[in-house]
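1. next comes the sequence, and after it the predicted model I'd like to discuss.
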Number of protein chains: 2
Amino acid sequence: MKNEDDPKDKRLKPGDAQKLTMAEVAKYVGVSAMTVSRAFRQDASVSEETRKRIMEAVDALGYVLDLSAGSLSSRRSGFIAALVPSINNSNFSDTARGMTDALQNTGLQLLLGYTDYSAEKEEELIEAMLRRRPEGIILTGGSHTARARRMLVKAGIPVVETWELPEDPINQVVGFSNSEAMSLLVRTLAGQGYRKFGYIGGTTARDTRGSQRRSGFQKTVEELGLGPGRMISFGVPPITMEQGGQAIVSLLERWPDTEVVLCVSDLSAFGAIMECTRRGMKVPRDIAVAGFGDYEISSICHPRITTINVDCYGIGRQAAARLLDTLHTGEATGDEITLTGYKVVLRESTDRNGAPTA
Amino acid sequence: MKNEDDPKDKRLKPGDAQKLTMAEVAKYVGVSAMTVSRAFRQDASVSEETRKRIMEAVDALGYVLDLSAGSLSSRRSGFIAALVPSINNSNFSDTARGMTDALQNTGLQLLLGYTDYSAEKEEELIEAMLRRRPEGIILTGGSHTARARRMLVKAGIPVVETWELPEDPINQVVGFSNSEAMSLLVRTLAGQGYRKFGYIGGTTARDTRGSQRRSGFQKTVEELGLGPGRMISFGVPPITMEQGGQAIVSLLERWPDTEVVLCVSDLSAFGAIMECTRRGMKVPRDIAVAGFGDYEISSICHPRITTINVDCYGIGRQAAARLLDTLHTGEATGDEITLTGYKVVLRESTDRNGAPTA
DNA sequence: CTGTTAGCGCGTTCAC
DNA sequence: GTGAACGCGCTAACAG
């Protein structure tokens, strides 16, 4: 913190300054600050010769551009805010990766936050993000507090909601119907002859995607005339593998004749299957289990787990791409919904032949 | 974008403005902008009465503080930069969560980037981060390009390197010796009577923690007089479960009498065990397997996996805490190393009794 | 407790 | 292709 040197010695030596400004670099090179500024932009009109000299000086002096100053002046922060429920869930981290990849070489940086599945925390985070003046914002899901919605609308930036199909979208949507996806899984398994369906999910209040999957399950089971599904809830998200194990135990105690159990997530399905194995039950011989999300584990474990494959990475990538479109077309783009695909992946854990090792 | 109203109508109506400034809020309330600014800070001396009026106006108008302007003026960005190799690895996302939690209520926000295990990408990211003028930066590992090191030193902000013990730390370190941790695992298993050790890891160039684990393994196996370890490499990081399965097949083809296989990560260990199961081998009856990292899966799967438990969350939390200390004590804190704990967790996958189901 | 003045380090805008 | 003046929205520093 102390200046050991003669404070009047203002000469600039390479490797000297800690907090260098553009003006100082400009003086060193013998141009104006504006020219240095231009040298940093792709398109700007600076002679190759001048740019080269400037960049050499930048290197020699170790100057680093100050974007916070630049964005104040240009009124473009260079940020895109993104909120996901949990960073520890590989489905969402795949989505975050998709967003980051889509933002590559756009000069935009992702400002990532996680809401812990809480609408209140989401509201706080939205406010914190908006204070950084992001040029767009990507949210997970369509449930937000009234104040959050107000802030988002007022911010006047493009908003993309993902992973669901909100009834009343703020702006753009990139996602799929969790309810229909689960419904498809129920129908597929019913088509294979399963009749007695159980369901394992979290308490619904916080995880809106989870509750959509649950209602898709219930609705479909009833539509198929298979009576009310056998539902077991474990605690609040994030979903753990262990909860799946505990839940299937409860479920089988209560309804021992259950044929197939659908889980809100592959993670709980895996926990359930392992617990069954540990208790000497064979999956799918004694009970079939399916998950949701097609996590890596489901194609590796034994037995491999039937699930719904969701395009997590694509959701992120497309959400960012939609945002970029809107930004480039001058925010005039109409609100629109981009549907992302999902598909049933049938694997050993629901195999009717009960021959887990193929 | 168009202004439908009379542009001369400058009266401020609640819920009107998109881009409101502090000065406008101040005018609305009848105070100076500075007083509004003070009302937003915790410590600042503003009468409760005035603050209340200001905050009501802020609410009514929907004003959102502009931190980018504030940080230019205060010369404090409010950012902490953090770089992790991969966001899809739950060990690192636990670390990120630890950092975020430690930064709670400090007014500092995490700017997260992932390097994809590449020093070049890390260098790029460091530059991109420094352009935002972070007040501190947290890195994973101690291997950086020369230019990255130069930029970091020159930035004059506290740097914390994590997850390893670099030979030549830049500043502070929060981590543990990956080599010694792996060594401890080898010794523990050798103590149980295992003699023929195999090792499965990635190609070493990019993943420095992986190569430290590998060398800890090799060194220790030789020290114990158990000859050179049987090493199999799979591709570049990130580590997948599938690679573990492929690797153990190669390893057993080449050295069929291997008794125990140590893996660079629980993820490859899990893949290896599942592949063995699929091929009709029992773990640990036919071969014992251990991992590294104590991922959730290892305590759930069947058989449960012996591993090294690492305090991932604590690494993040302490790294951020050290940074905060340094920031508060005026950056005068000496460089120091904070060791984080690790411990061997013995589970079924290396049980000498070979009774996987307890 | 509150107001005034003067920048923070850039980019915009308009000259040349 | 380059430069000068000005201002982005806020806060530090000082005054009262």
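-> Thanks, I have it.
2. CA atoms for contacts and neighbours, from now on please.
-> OK.
3. where does the closest residue in space to residue A:206 that isn't next to it in sequence land in three-state SS?
-> Spatially, and ignoring its direct neighbours in sequence, residue A:206 is nearest to residue A:117 (5.8 Å; CA to CA, 6 or more residues apart in numbering or on different chains). Put simply, residue A:117 is coil when judged by DSSP: H, G, I helix; E, B strand; the rest coil.
4. surely residue A:117 meets residue A:88?
-> No: shown here, residue A:117 and residue A:88 do not form a contact pair, counting by CA atoms under 8 Å, at 12.0 Å.
5. I'd say residue A:251 and residue A:229 touch.
-> No: proximity of residue A:251 to residue A:229 does not meet the contact threshold set by CA under 8 Å, at 11.1 Å.
6. joint contacts of the two?
-> Common neighbours of residue A:251 and residue A:229, counting by CA atoms under 8 Å, 6 or more residues apart in numbering or on different chains, are residue A:198.
7. can you give me the strands for chain A?
-> Counting by DSSP state E, the segments of chain A that form strands are A:79-84, A:109-114, A:136-140, A:159-162, A:172-175, A:197-202, A:230-234, A:260-263, A:288-290, A:307-310, A:337-339, A:342-345.
8. looking at these, which is buried most?
-> Sort the strands of chain A by mean neighbour count, taking mean count of other CA atoms under 10 Å in any protein chain shown, and strand A:288-290 sits at the top with a mean of 30.
9. contacts for that strand?
-> A:259-263, A:266, A:269, A:272-273, A:283, A:305-307, A:349-351.
10. now, which of those sits nearest residue A:245?
-> residue A:272 (4.0 Å; CA to CA).
11. and the residue of the stretch 151-300 of chain A closest to DNA strand C?
-> Residue nearest to DNA strand C within the stretch 151-300 of chain A (CA to the nearest atom of the strand): residue A:157, separated by 17.8 Å.
12. apart from its neighbours in sequence, what residue is nearest that residue?
-> residue A:136 (5.2 Å).
13. assess the claim that the one you found and residue A:323 are in contact.
-> Yes: counting by CA under 8 Å, residue A:136 does reach residue A:323; the two are 6.6 Å apart.
14. so the residue lying closest to residue A:163 once chain neighbours are set aside versus residue A:322, what's the distance?
-> Nearest non-adjacent residue to residue A:163, counting by CA to CA, 6+ apart: residue A:175, 4.3 Å away. For residue A:175, the distance to residue A:322 equals 12 Å [CA to CA, to the nearest Å].
15. overlap of the contact sets of those two?
-> Common neighbours of residue A:175 and residue A:322 (CA under 8 Å, 6+ apart) do not exist.
16. can you get me a residue count around the residue nearest to residue A:351 when sequence neighbours are not counted?
-> Nearest residue to residue A:351, sequence neighbours excluded (CA to CA, 6+ apart): residue A:284, at 6.3 Å. The burial count assigned to residue A:284 is 23, neighbours taken as other CA atoms under 10 Å in any protein chain shown.
17. mind listing what the residue of the stretch 151-300 of chain A closest to DNA strand C touches?
-> A:134-137, A:331.
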